[in-house]
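Student: With the sequence up front, the predicted model follows.
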Amino acid sequence: MFLTISTTGSKGLPATDLGFLLHKHPDKAQAFSTSYGDAHVFYPEASAERCTAALLLEVDPVALVRRGKGKGRGGAPDMSLAQYVNDRPYAASSLLAVALRTAFASALRGVCNALPERAASPLPLRIEVPVLPARGGAALVRRLFEPLGWTVEAEAVALDERFPEWGDSRYIRLVLEGELRLADALRHLYVLLPVMDDAKHYWVSPDEVDKLLRMGDGWLPSHPEQQLITSRYLSRRWSLTRQALERLELARLAEADDTEAEEIDNAIDEETDTDEKPVPLAVRRREAILDALRAAGASRVLDLGCGQGQLVGALLKDVRFTEIVGVDVSVRALNEAARRLRLERMGERQSSRLTLLQGSLAYTDARLKGYDAAVLSEVIEHLDLPRLPALEYAVFGAARPATVIVTTPNVEYNVRWETLPAGHVRHSDHRFEWTREEFRTWAHQVAGRHGYGVAFAPVGPDDPEVGPPTQMSVFSLTKTTAKEAAA
Amino acid sequence: MTVQSAKRTLPVTDLSLVVLVGSTGSGKSTFARKHFKPTEVISSDFCRGLVADDENDQSASGDAFEVLHYIAGKRLAAGRLTVVDATSVQPESRKQLVRLAREHDVLPIAIVLDVPEQVCAERNAGRADRAGLPRHVIQRQQRELRRSMKHLEREGFRKVHHLRGVEEIEAAEVVLERRYNDLRHLTGPFDIIGDIHGCHSELETLLSKLGYADGVHPEGRTAVFVGDLVDRGPDSPGVLRRVMGMVAAGTALCVPGNHENKLARWLKGKQVQHSHGLAETIEQLTQEDTKDPEFKERVREFIEGLVSHYVLDGGKLVVCHAGLPEKYHGRTSGRVRSFALYGDTTGETDACGLPVRYPWAEDYRGRAAVVYGHTPNPSATWLNNTICLDTGCVFGGRMTALRWPERELVDVPAVQVWYEPAKPLTNEAPGGHDGRPLDLADVTGRRVVETTHHGRVAVREENAAAALEVMSRFAVDPRLLAYLPPTMSPCATSQLDGYLEHPHEAFAAYHEDGVRQVICEEKHMGSRAVALVCRDAQAARERFGVTDGATGALHTRTGRPFFDDPAVTEQVLGRLREAISAAGLWDDQATDWLLLDAELLPWSLKASGLLRRQYAAVGAASGAVFPGALAALDSAAARGTDVAGLLARQRERSADAAAFTDAYRRYCWTTEGLDGVRLAPFQILAVQGRSLAALPHDDQLALIDRLVAADPTGLLQETRRLVVDTGDEASVAAGTDWWLELTAAGGEGMVVKPLQALLRSESGNRLVQPGIKCRGREYLRIIYGPEYTRPDHLTRLRSRALGHKRSLALREYALGLEALDRLASGEPLWRVHEAVFAVLALESEPVDPRL
């Protein structure tokens, strides 16, 4: 990883003053040791007209992986850190920021006993970062640096010229030009390099908040993107490590398949649900389900596929629901539900009404027998069609609650979503989306096979042409035993 | 003054709840200290102290006894003798203790310390903390004790030792007695024999086959009968005579069956229904009367002396008639006996009027093997470390014995059908042969899977949880998911210059295991794929029960479909099917389905996300950073700055990075539909009725070659191979050269396998690794990073721990074999799925992902 800082000189103000300001002699190459490798400072050019200082961090990729704990087991808590195939040795990330602070500690503080006025005044600077990992791309780079007085040149790096169809990488070649105090420039880099990188930090000390305040002094408070900068700089620290630990088993299964953890561990990504304001569809859906449950007189309710527990939360608010069981196959979703519902701080009376279970509707499950009602809200479309009969049996054949409520998107309505490209499903994990006709056909067959009656209701605005955005069916048990149903 | 009095021995069962009864000051704590280990004794005073900081705070008694009962419960659940040191003079307090003992199926025993009031009072007076205890408290307790004495046995105490006076207490000696069912000290070897039901001639044939001559085994083996000796069959007295003789001679043990129990009740003159074959026995015994009038009485005594179950061989073996859950092993109570005799019934009866049995063995997770009978099955099979040996001899089936510890089954056929069964014999393996739907209890939580080749394989809960998510959300239909490939260990780390892996290590490892003939197979750099190909949709429906028209599956190492579009999968399956037909393999193998292990290429087809995000990204970053960095260093050097060392290192790093980019690019190419997609099968795993996992690899590849040759579409790709003799230097050198050539041409490397495929080590006590991979020097850049070949990196990378990976590879291999065996022998879906699921769960165990 590499960056250069250049300045030009003018009469009486030679460019080589940069050496004084950085406390590094232009004719020397110097090395500084950091936790992940040696940082080298040298000057490719140094004349009165033009002077360039280069910072090169020689990352030791083996040390990077092996710093983690655990013998031979991949050590580091974050799978991506445990990779020897890692962009850290090449890209400018928080490691380079650390190197910057190590090599230019005094310059960062703006201290220069030799040339105090030079240190206090702006000078023409050009900073080149050939490989900057930039989540948010060139646009975000501009939004971050331009308000600080930089002229920004940002150009995406292609992934592999052999495979143009793979498109651009997440790296930017960044050139900043501007008249700034050197200390400010260095502080901007120190804070913003990791912020751009975003994904994987190497936090080396616990006092990051203080550091941010110090380094951001004078420019961060008035920065229009202050919030984004602060949250990216700080918030990821804990959540990342926590998440990484929670999903190690899954991550390994992803790795066994040469896929990324995110491809498998995506159970709680509901960001892309196409909701509309002022009353989002999700809220309407919950209301419709609650109404149907009340109408059925249910008090002991299963929420099958409870996700992060939105419906469970709504059920808890109504005391008529005396026993609420949230079931999900994703342990992560359940943990998230427990967190959102503040399960640990919930009063005993409330928490005694609630159970969260890991379960799977691909299997029959004796724990789910004997409930008044089961809700399958936006669940079936997350299953591959060939596996739907197993769910059908597990719910209608084995668990056999008196009432079953199923909601699923109405694909006909998709043409009404302006943001949804034609032919696309609403969520990347939707394995299918049904028309009203398809849903009704399925529901009638299921009801017939298992001794249930079924009624349908729209959720959301019922468009005269394409119907409602969500379709709902309410199944009511008519024959009490499976034997009877078969008879 | 010493009074010499006779020692009085107090027998105490070694697992029991001993309740000391006596008023305060009667010397209970002293007695307990003298006769029991300090940890065996729980005193109410101590518990009062725990909860209230004061051993005499009577207001804390409620809480203190809760604690006492809790600790006692934990000890009893763990099977430890427990002594309760509290006054226990009130019936109510004893009642709770008796209930506690029953809950844990142990005997409650009372030891009463009956000491004059005056002595108690004096002792209390001598203790500072009790000096103020009013006299009436002792008096009350003495009264309560008196009243209690005659009720103790009726309250449920199975032994009551009443010690009267200080001297008798002084002279008492506690003697621990082994439980009747505890024969852990007997290590056999045993021959456990299933239900006999009066089939005397078959019993004699079986005993001969086992090596017994007139009830004695020359090697001193012990026969163990699981009960149901009598009823239904032609000669119950003959069977009884033989078994009773052997038991009396000490060459056999016997546990009672429900039929013996009923017979004993008849013999005692009780009213019993003469149903289920008892009538036949009564008739036979009556005929016996004339020859041997005492016989019936001896039978009655024999049956009454039988113990309902035995724990044998250091606790590794439990024998009983109808099965026993772990918490009842070695316990003594009415319900334990009842379970051992009758099993667990749901309370319902089936259409034939027979009780519906609860499949307790399905839930069994115990360490001891439970061998039992009671329920006739067509064959004896292990399930969760339990096995039912009743193979319905009297109904015309077989009589079965199990050799222990060999775990070998020995059986003889019935001479004829002696008794018509009420319903046909079906395997009562849960779900039966047609299989019930998969149940969550088949897969979740901590589980142990019994494997033929590697014993018991444990799955941890958190791994099962991860597997559940992947299996439920991403996998293909479990009915089509008959196998998941095991992980494979790399060879031991090479110490050769510049190499981390080298074939030399693989050859040496097999040589050490005594394996001479190995086969080196080219490792295709793609994604592991398993293909289930059925002859047509009908075959898929009939064998695998899928009704949506699928003719098979093509899935990844974790069971996910390779292609999002089922039509593309069907296209691949179609091409495979045509090749199989053209090669004549359907008829050849007498099957209408084939399970294939293969590699699907290119790697970029499935791993494109990973490639772009990780591999290509590193290539892009390194490609973009070095030109600038090198130019800057060149300029600095030109200015005379001393950067020579740094510059040289950066040049090397730049070259390494370029080599890395070349390495991953070799495994990427653009595909369009199926154009450019290739499938390299290397093993036929199973066909109808047979697992081919043990077929030698040269025979395997001969079949595969026919398949590849029969494919006109270019989809199928051959696997190059070379046979090497690990004991022949020239052959080993040829193998090494072959690998060098393969990898120099950009190949990933090779896998070395024993030619005989499925092998055990020479000592026979473990499986030999089914394959060892040797990855090429360039390929390993993708794994260990662009610069891994630098000497300082290699030195550190060489310290890699392979032990866990090897163990994992063997466990997963055994599970895979198990799945194939179960599939081939037509076992129910849940049994196949159990093993497949366990492979997936183990894949989420923490192991160095680079191995």
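Tutor: Cool, the structure landed. Numbering: from 1, shown residues only, chains lettered A, B, ... in the order given.
Student: Please report phi then psi for residue B:617.
Tutor: The phi and psi values for residue B:617, taken as degrees, to the nearest 10, are phi -60, psi -40.
Student: That one: neighbour count?
Tutor: Using other Cβ atoms under 10 Å in any protein chain shown, residue B:617 is surrounded by 23 other residues. Every C-beta, even on glycine, is put in place using the N, C-alpha and C of the backbone.
Student: repeat for residue B:275
Tutor: 10.
Student: contacting residues around it?
Tutor: Residues near residue B:275 by Cβ atoms under 8 Å, 6 or more residues apart in numbering or on different chains: none.
Student: Which of the three states applies to it?
Tutor: Assigned with DSSP: H, G, I helix; E, B strand; the rest coil, residue B:275 falls in the coil class.
Student: So which residues on the stretch 301-450 of chain A come close to chain B?
Tutor: Contact residues, the stretch 301-450 of chain A versus chain B (Cβ under 8 Å from any Cβ of the partner chain): A:329-331, A:358-367, A:382-387, A:390, A:393-394, A:397-398.
Student: For the stretch 51-200 of chain A, which residues score under the pLDDT cut-off?
Tutor: A:65-83, A:199-200 (pLDDT under 70).
Student: And the strands in it?
Tutor: Assignment of strands within the stretch 51-200 of chain A using DSSP state E, counting those that start in this stretch yields the ranges A:123-133, A:151-158, A:168-180.
Student: Kindly report the same for the stretch 251-400 of chain A.
Tutor: With DSSP E, counting those that start in this stretch as the criterion, the stretch 251-400 of chain A has strands spanning A:300-304, A:323-328, A:354-358, A:373-377.
Student: Pick out the residue of the stretch 1-150 of chain B closest to chain A.
Tutor: The stretch 1-150 of chain B approaches chain A most closely through residue B:66 (19.6 Å), counting by Cβ to the nearest Cβ.
Student: Ignore what I typed, I meant chain B.
Tutor: Relative to chain A, the nearest point of chain B is residue B:801 (3.0 Å; Cβ to the nearest Cβ).
Student: How is the chain divided into domains?
Tutor: Picking chain A for this. A:2-249, A:281-486 (automatic domain parsing).
Student: oops, chain B please
Tutor: Taken from automatic domain parsing, chain B resolves into B:8-177, B:182-413, B:431-477+B:802-851, B:478-599+B:677-792, B:605-665.
Student: Where does the prediction get shaky in the stretch 401-550 of chain B?
Tutor: Applying pLDDT under 70 to the stretch 401-550 of chain B flags residues B:423-436.
Student: mind running it again at 80?
Tutor: B:422-437 (pLDDT under 80).
Student: interface residues of it facing chain A?
Tutor: Counting by Cβ under 8 Å from any Cβ, the residues of the stretch 401-550 of chain B near chain A are B:436-444, B:462-463, B:465-474, B:476-478, B:487, B:527, B:546, B:548, B:550.
Student: Just the buried ones among those residues, please.
Tutor: Applying 16 or more other Cβ atoms under 10 Å in any protein chain shown to those, the neighbour count classes B:437-444, B:463, B:465-474, B:476-478, B:487, B:527, B:546, B:550 as buried.
Student: Can you list which of these are found in helices?
Tutor: Secondary structure from DSSP state H places B:463, B:465-473 of those in helices.
Student: just those now: which is nearest residue B:129?
Tutor: Closest approach between those and residue B:129, by Cβ to Cβ: residue B:465, at 52.9 Å.
Student: List the contacts of the closest residue to that closest one other than its chain neighbours.
Tutor: Leaving aside its chain neighbours, residue B:465 sits nearest to residue A:331 (5.4 Å; criterion: Cβ to Cβ, 6 or more residues apart in numbering or on different chains). By Cβ under 8 Å, 6+ apart, the residues touching residue A:331 are A:246, A:358, B:465-466, B:469.
Student: Just give me the neighbour total for residue B:676.
Tutor: Neighbour number of residue B:676 under other Cβ under 10 Å is 14.
Student: re the thing from before, dump the strands of the stretch 251-400 of chain A to JSON lines, plus mean neighbour count and distance to residue B:365.
Tutor: Converted to JSON lines, those look like this (neighbours: other Cβ atoms under 10 Å in any protein chain shown; distance: least, Cβ to Cβ, whole Å):
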{"stretch": "strand A:300-304", "mean neighbour count": "26", "distance to residue B:365": "27"}
{"stretch": "strand A:323-328", "mean neighbour count": "24", "distance to residue B:365": "23"}
{"stretch": "strand A:354-358", "mean neighbour count": "18", "distance to residue B:365": "19"}
{"stretch": "strand A:373-377", "mean neighbour count": "24", "distance to residue B:365": "29"}
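Student: Dump the ones you listed to a markdown table, plus distance to residue B:116 and mean pLDDT.
Tutor: A markdown table is the format used below for the strands of the stretch 251-400 of chain A (distance: least, Cβ to Cβ, whole Å; pLDDT from 0 to 100):
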| stretch | distance to residue B:116 | mean pLDDT |
| --- | --- | --- |
| strand A:300-304 | 61 | 97 |
| strand A:323-328 | 59 | 96 |
| strand A:354-358 | 58 | 95 |
| strand A:373-377 | 69 | 97 |
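Student: Which one of these lies nearest to residue B:331?
Tutor: strand A:354-358 (31.6 Å).
Student: how much space between residue A:392 and chain B?
Tutor: 10 Å (Cβ to the nearest Cβ, to the nearest Å).
Student: That residue is in contact with residue A:443, isn't it?
Tutor: No - counting by Cβ atoms under 8 Å, residue A:392 does not reach residue A:443; the two are 10.3 Å apart.
Student: what about residue A:148, distance to chain B?
Tutor: 23 Å.
Student: what about that residue, neighbour count?
Tutor: 19.
Student: Give me the neighbour count for the residue nearest to residue A:158 when sequence neighbours are not counted.
Tutor: Excluding the flanking residues, the one nearest residue A:158 by Cβ to Cβ, 6+ apart is residue A:168, at 5.8 Å. Other residues near residue A:168 come to 14 when the count uses other Cβ under 10 Å.
Student: and residue A:168, how far is that from residue A:159?
Tutor: Plainly put, residue A:168 is 6 Å away from residue A:159 if you go by Cβ to Cβ, to the nearest Å.
Student: cool, residue B:602 as well?
Tutor: From residue B:602 to residue A:159 the distance is 16 Å (Cβ to Cβ).
Student: Ok, residue B:283 next?
Tutor: Relative to residue A:159, and taking Cβ to Cβ, residue B:283 is found at 89 Å.
Student: Compare those two and say which one has the larger neighbour count.
Tutor: residue A:159 (24 against 12).
Student: Throw the strands of the stretch 51-200 of chain A into TSV and include distance to residue B:560, thanks.
Tutor: Formatted as TSV, the strands of the stretch 51-200 of chain A follow (distance: least, Cβ to Cβ, whole Å):
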stretch	distance to residue B:560
strand A:123-133	29
strand A:151-158	30
strand A:168-180	26
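Student: out of those strands, which comes closest to residue B:322?
Tutor: strand A:168-180 (65.3 Å).
Student: Sheet partners, orientation included, of that closest one?
Tutor: strand A:123-133 (antiparallel), strand A:151-158 (antiparallel) (DSSP bridges).
Student: So which of those is the most surrounded?
Tutor: Comparing the strands paired with strand A:168-180 by mean neighbour count (mean count of other Cβ atoms under 10 Å in any protein chain shown), strand A:123-133 comes out on top with a mean of 23.
Student: show me what contacts residue B:548?
Tutor: Neighbours of residue B:548 in contact, by Cβ under 8 Å, 6+ apart: A:385-386.
Student: Repeat that for residue A:250.
Tutor: Neighbours of residue A:250 in contact, by Cβ under 8 Å, 6+ apart: A:261, A:264-265, A:332, B:466, B:469-470, B:844.
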